[in-house]
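Q: What shape does this take:
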Amino acid sequence: MRRMQLEVLALPLARPFAIARGTRTAVTVVRVTLEQRGFIGRSECTPTPRYGESAESVVAQLESLRHEVENGLNRHDVQQALAAGAARNALDCALWRLDAAQARQTLWQACDQRAPASLIAAETLSLDTAINMAAAAADAVSRGAQLLKIKLNRDAILAKVAAIRTAAPEATLIVDANEAWVDLNLPDLLAALARYDIAMVEQPLPAGQDQALADFPHVIPLCADESCHTRADIARLADRYDMINIKLDKCGGITEALAMVDTAQQQGMRVMVGCMLGSSLAMEAALPIATAADYVDLDGPLWLAADSAPFLTYSQGRIWPSS
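A: Alright, predicted model coming up:
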């Protein structure tokens, strides 16, 4: 028989993390451990209030399936048993790792992939003043960062980007508006940002209010984040966005994420893989999806006061998989 253990943890951040919707000093995660005949599958998810989730709601969803899980529910059944979101992600990833352990495989082998030596990974610049964001950019590139993700709201957009570009002249810059650019002249703003060699802009308008993105050519590629949760969303977004951001906590785990990669490629859309704040336990599960991504944004552990096993290595702007 299989056993399921649930754990809720508050992970302090090393420094405040600010985006357009607010500032955090800690992140609450839910961890799942499945044990069967001595084999272990572990996972971590981050419930997100933006999507109506809390640690309590995730634990309640998982507890509602305890009998089925402990009596052999498999990861294919999980796709019907739970809606896309953090709870399904936690269970799906734990089952992937348990199945891999029982087959004496790594997660890479279970996904029929070979682990790359390393992956270029974004380092996020938290929303702040232009001076402070430029200083953070300079610090990041001094440590080898090659790809910087800039969190912005509606305030001093061009001033902040200009300051960051001056501080990091060689870095690839991507911008995340977190749905904040309502009522701005987006064609003019994107044209202005293009002068700073911005590689991509993520989710400028709120989900459900982004139809206007289909009305003008994109001088900078646009990426759907909050607008895109599962493969069912991709086709209707193809005329509005050039890319999608796949996050395991949004889509509900590795199983759906792999399907989203295939669907995006069929639609001619590029892929980014992202994350909520969390430890290396959560980030490692996303690495097999990251091999198909143009941009990898899995820097959650860099924001934590203390990371957790499997302790991915972040160095010189790259993630170095452990296996």
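Q: contacts, neighbours, all on C-alpha from now
A: Noted.
Q: count of residues packed around L277?
A: By other CA atoms under 10 Å, 27 other residues sit near L277.
Q: Can you give me the pLDDT of it?
A: In the prediction, the pLDDT value recorded for L277 is 96.
Q: which SS class is it?
A: On the three-state scheme (DSSP: H, G, I helix; E, B strand; the rest coil), L277 is labelled coil.
Q: Distance of the residue lying closest to it once chain neighbours are set aside relative to Q211?
A: Sequence neighbours aside, G300 is the residue nearest to L277 in space, at 4.5 Å (criterion: CA to CA, 6 or more residues apart in numbering). As defined by CA to CA, to the nearest Å, G300 lies at a distance of 31 Å from Q211.
Q: Could you give the number of residues near A87?
A: When neighbours are defined as other CA under 10 Å, A87 has 30 of them.
Q: Phi and psi next, for the closest residue in space to A194 that isn't next to it in sequence.
A: Ranked by CA to CA, 6+ apart and with sequence neighbours excluded, the top spatial neighbour of A194 is I220, at 6.5 Å. The phi and psi values for I220, taken as degrees, to the nearest 10, are phi -130, psi 130.
Q: Next: the one 10 residues further on.
A: Listed backbone geometry of T230 is phi -130, psi 180, with angles given as degrees, to the nearest 10.
Q: what's the spacing between it and V141?
A: Relative to V141, T230 is positioned 34 Å away (CA to CA).
Q: returning to that earlier point: quick one: contacts for the residue nearest to A194?
A: The neighbours of I220, taking CA atoms under 8 Å, 6 or more residues apart in numbering as the test, are 190-191, 194, 198-201.
Q: re the thing from before, wait, doesn't the residue nearest to L277 sit right on M276?
A: Yes - under the criterion of CA atoms under 8 Å, G300 lies in contact with M276, with a separation of 6.7 Å.
Q: picking that back up, now the contacts of I220 in TSV, with secondary structure and distance to R97?
A: As requested, the contacts of I220 are arranged in TSV below (DSSP: H, G, I helix; E, B strand; the rest coil; distance: CA to CA, whole Å):
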residue	secondary structure	distance to R97
L190	helix	42
A191	helix	45
A194	helix	42
I198	strand	37
A199	strand	34
M200	strand	33
V201	strand	33
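Q: Between those, which sits nearest L11?
A: When these are compared for distance to L11, the smallest value, 29.0 Å, is given by V201; criterion: CA to CA.
Q: Compare G300 and Q211 (neighbour count), which wins?
A: Shown here are G300 and Q211; by other CA under 10 Å, G300 has more neighbours (20 against 14).
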